[in-house]
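**Q** sequence first, predicted model second:
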Amino acid sequence: MKNYKLRDYHGASWDEPLIMEVGNKGERGIIPPWADQEIREAVGDAAGLMPGPMLRKSELKLPELSQYHVLQHYLRLSQETMGMDLGADIGEGTCTMKYSSKMHELLVRADKFCQLHPLQPEKYLQGVLEIAYKFEQFLKEISGMHQFTFQPGGGSHATYTNACVVRKYHESREELKQRNEMITTIFSHPCDAATPATAGFKVITLMPDENGYPDLEALKAIVSERTAGIMFTNPEDTGIFNPKVAEYVKIVHDVGGLCFYDQANANGILGIARAFDAGFDACHFNLHKTFSSPHGCEGPATGAYGVRKELAGFLPVPVVGFDGEQYFLDYDRSDSIGKVRSFFGNLECVLRSYAWVMNMGEEGLRMVAETAVLNNNYLDKLLLEIKGVSRPYAEGKRRLEQARYSLEKLKEDTGVGSEDIRRRIIDFGIQGYWLSHHPWIVPEPFTPEPCETYSKKDIEYWAAAMAQTIKEAHEDPGYVMNSPYGQPIRGIKDYSAIDDPEKWAMTWRAYKRKFRNK
Amino acid sequence: MGKKPFVHPYIPNSVPEIREEMLKAVGAKNIEELYMEIPEQLRFRGKMNLPEPILSEYELKRHVEDILSKNTSCKEYLNFLGAGCWQHYVPAVVDEIVNRAEFVTAYCGDTYSDLGKFQTRFEFYSMMGELLNMDVVTEPAYDWGTTAGLSIRMASRITGRNQVLIAATVGSDRLLQIKNLCQPPVMDNHITVNLVDYELKSGLMDLHNLKNKISDKTAAIYFENPSYLGFIEEQGEEISRIAKEHGALCIVGVDPISLGVLAPPADYGADIVCGENQPLGIHMLCGGGQAGFIAFRDEEAYVAECPLQLYSITETRKEGQFGYVEVRSEKTSYGARDKGKDWVGTSSGLWTIGAAVYLALMGPQGMREIGETIIQNANYARQKIGEIEGLKVYFKNTFKEFVVNYDGTGKTAAEINQALEAFQIFGGKDLTGEFPELGQSALCCVTEIHRKRDIDKLVMALKEVLKK
């Protein structure tokens, strides 16, 4: 590996007090509009218009600061947040931390979008409906599916929507009582297990076989007339594409179940493989991942959910239609699951995604997928050269857009685990990586995903930062365990707040009550 | 583009020489080799029918702007639509902060690299805690409807009961969301949803009907304040007392912008409070500004059943300095998959940042004043519209929305709304499909953004429309 000069990064450290602890009584940050005098004269005091017992009696203890000081406080806090625009976020596998065009933000902020009310008559929403309709046509091409909804407000919300659609499908066939089992796989996202459970299904989880694929023989043994469907992803978090995916689908179809393809991570297969062609009945895309909408401190997000023709009637209402002249909202769907979210979902994500696909075109989308896979193979090669890093399962097989590695050997040799390494690498000016969802089937895991945004040098830098941190772990384990060093705060003193009702404080008022007797 | 290699500004490694170098390094002759694990029958070899790309940023911007120009925004027309997404003023400082690249592009960084994100969130929980008079506030979910449903599921687990009573004045879309979360009757863990009647005159919950329907199987009573139909449910204390008598929880959905003036639901006995952050400094975004919250007392039984993520402040190794840790993450779906409490996932995080800035700017004075302005403006509109011959205004009182009935005009709500468009006005939401018992009615929303001349214009337009 090339010898990279690693940055001696120091995050902005303002030592910024909590906003509740600053300011002065009487200061204010803004003056809201007051009712016009004639209105005040006409209706009298606001309090007199409300039922007396329902008026607020208790003092409202919000901060009192001038506008400058509110701005300054939150600017400082923004500086104490890394954001992928600043620190390469190659480590957050399954999240596809790609560049989001700044131009798209200008479109979202324009009055012609941000000042729209979702209940305006259709004829005044023609622009945004056109974008939604056309983007839906793009997704149909990319997935092979027949119809999409953008109502789900995140990837997990799309898997929940799928569970509701599967439920309604079996209910419409009067088989729901019997078909109450949903199958998923352990390397699929936790929401593929959790959301069908919320929808009322008994969840059965397939474990991996010795090669890391969901166990096909086990699947054959558990499917039955009780099977409602299967929800899984491919490639899974391990990055290994399952070549037998169509067989899994057939096994579930043969017993009357429906098959859902969790495509939160489609970045490596755009234009390469389609959910429809593998036999799936439904799939989803995370527009805040694959389609470049930014992650925004965990949303707003969109889990665009698409289905085959046979399931289209079950989608939430409304769906967007086009009669050749006008775009319209179609609420007339008797089999619909109803609503999973108010209005149409986060159309700002759809707007950005539309612009992104228009910028990429077919050739560009393939270039995205191929580059994501090439980047990952390149990082893979660099990481496997580092002592203490291993990559379980499917030896000799190529990973697609991400891979799951293990630092088990490092932990055995030095006592330094993956969480310690994660804390230390941020001192080199890159974001901490993603480990793995629970349970950790792969011990001491980490899961990078160097999507198409990152340059060859970015990838080499990231691998070099890992190599350096692991070297430090071998030389001085305590140094890594005590990290980080260049961040606005040092280590957490006491982790008991995680579990102890006496110690946790989810608001400042709770903290003051517990620790300051106020 | 001709035959020139495709090099995209968002893809540094689209430069052919770099690709060749990288391919060589990974021991592959071509990209195709990297996809060797995908069997041929699953490979897509067709052509996606996508438009030719618009490569220049300028032309792409023009292209999308041209499409968006077909919209008519609430800056061009005078808007009286609300019903869950409300037009309030968004202070410039809020926009300044939520558009910071650090916040827009942050995701899962921890308390060290993303301290500012965690501190801003904690300040949001803390300020909401003051507004709500509750000690625990969650990370956001998708919207109010989601948090209403999740709160009901929480109550069901806490009480071990599987029936819920919901005020019949709840909006139909929210009810559809709740019913999805409560599952169909054939499922083992189904929660039965029963609606409690309301008094047609006042809108208030019919307590007699409530007493008839509540039982020792009732997990919770859910109602809203201000209600979907705009009036204040002033029997909060009585409703929560009835709930407690039967061992049920009282869940109240709330519009937080009302709480500078109105009592927080905790003060009249709510056990769980949920609602919508959008009024707190988030643009309407055609419905893309929604974000729900849940709040409750600092009690372990509630924390244990809360599906959404909770973060605690805690001390660091430096005296007086704080960091943030997730409380009982093992109970969430991230920690326990299908054995967790419902699910969590990416939802509406950026709006937490915006709402924090909003509450800090507003402070106690701003929150009180904005509530007062909304109440005065809305009641002025209510009064003036009520004076128009043939129109009736329903229910006892009004926070920012009220029901206008058109039955006496011989016109439908749809016809009147359509006629208002000629005056460049978006009239209130047509309620006829949703609440047939209210006849031809619309839900009219007035906020602090409306000036007297705006309301007078609506009144004038209505009079004109009714003349015809």
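**A** On my side now, so go ahead. Numbers count the residues shown, from 1 in each chain, chains lettered A, B, ... in the order given.
**Q** enumerate every residue touching residue 333.
**A** By default, I'm working from chain A. Residues near residue A:333 by Cβ atoms under 8 Å, 6 or more residues apart in numbering or on different chains: A:313, A:315, A:317, A:319. Yep, even glycine has a C-beta here, placed from its N, CA and C like the rest.
**Q** please refer instead to chain B.
**A** Contacts of residue B:333 (Cβ under 8 Å, 6+ apart): A:156, A:190-191, A:193-195, B:307, B:340-345.
**Q** which of those tops the neighbour count?
**A** Tallying neighbours with other Cβ atoms under 10 Å in any protein chain shown puts residue A:191 at the head of these, with 34 neighbours.
**Q** hmm, back to that, which of the contacts of residue B:333 fall within helices?
**A** Secondary structure from DSSP state H places A:156, A:191, A:193, A:194, A:195 of these in helices.
**Q** wait, the fourth one sits on residue A:157?
**A** No. Under the criterion of Cβ atoms under 8 Å, residue A:194 makes no contact with residue A:157, lying 11.5 Å away.
**Q** where in chain B is pLDDT low?
**A** Scanning chain B with the threshold set as pLDDT under 70 gives B:1-3.
**Q** could you chop it up by domain?
**A** Following automatic domain parsing, chain B resolves into domains at B:1-44, B:78-85+B:364-467, B:92-358.
**Q** to what extent is residue B:463 buried, counted in neighbours?
**A** 15.
**Q** do I have it right that residue B:424 meets residue B:80?
**A** No. At 11.9 Å, residue B:424 does not count as touching residue B:80 under the criterion of Cβ under 8 Å.
**Q** when those two are compared, which one has more neighbours?
**A** residue B:80 (28 against 12).
**Q** for residue A:515, give its distance to chain B.
**A** Separation of residue A:515 from chain B (Cβ to the nearest Cβ, to the nearest Å) stands at 9 Å.
**Q** so who does that residue touch?
**A** Counting by Cβ under 8 Å, 6+ apart, residue A:515 touches residue A:505.
**Q** per-residue pLDDT, it?
**A** Residue A:515 is assigned a predicted lDDT (pLDDT) of 95.
**Q** count of neighbours near residue B:49?
**A** So residue B:49, with other Cβ under 10 Å, has 10 neighbours.
**Q** doesn't it belong to a helix?
**A** No. According to DSSP: H, G, I helix; E, B strand; the rest coil, residue B:49 belongs to no helix; its state is coil.
**Q** for chain A, see how far away it is.
**A** For residue B:49 relative to chain A (Cβ to the nearest Cβ), the value is 5 Å.
**Q** quick one: contacts for that residue?
**A** Per Cβ under 8 Å, 6+ apart, neighbours of residue B:49: residue A:141.
**Q** also residue A:400?
**A** Residue A:400 touches A:235, A:239, A:240, A:241, A:268, A:269, A:372, A:373, A:376, B:34, B:35, B:37, counting by Cβ under 8 Å, 6+ apart.
**Q** before we move on, the earlier item: among the ones in helices among the contacts of residue B:333, which ones lie close to chain B?
**A** Of the residues in the ones in helices among the contacts of residue B:333, proximity to chain B by Cβ under 8 Å from any Cβ of the partner chain holds for A:156, A:191, A:193, A:194, A:195.
**Q** not counting sequence-adjacent ones, nearest residue to the first one?
**A** Once flanking residues are discounted, residue A:156 sits nearest to residue B:345: 2.8 Å by Cβ to Cβ, 6 or more residues apart in numbering or on different chains.
**Q** surely that neighbour and residue A:158 touch.
**A** No. Residue B:345 lies out of contact with residue A:158 (Cβ under 8 Å); the separation is 9.2 Å.
**Q** now whichever helix in chain A runs longest: average pLDDT?
**A** In chain A, taking DSSP H as the definition, the longest helix is helix A:347-384. Across helix A:347-384, pLDDT averages out at 98.
**Q** could you say what helices and strands that helix packs with?
**A** Applying 3 or more Cβ pairs under 8 Å, 6 or more residues apart in numbering or on different chains; DSSP states H and E, we find helix A:347-384 packed against helix A:102-109, helix A:111-114, helix A:126-143, helix A:456-475, helix B:16-26, helix B:31-34, helix B:57-68.
**Q** partner strands of the longest strand anywhere in chain B, with direction?
**A** Determined from DSSP state E, the single longest strand within chain B is strand B:218-225. In the sheet, strand B:218-225 lines up against strand B:163-167 (parallel), strand B:249-254 (parallel) (DSSP bridges).
**Q** just send the ones you listed back as CSV, with mean neighbour count too.
**A** Below are these laid out as CSV (neighbours: other Cβ atoms under 10 Å in any protein chain shown):
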stretch, mean neighbour count
strand B:163-167, 25
strand B:249-254, 27
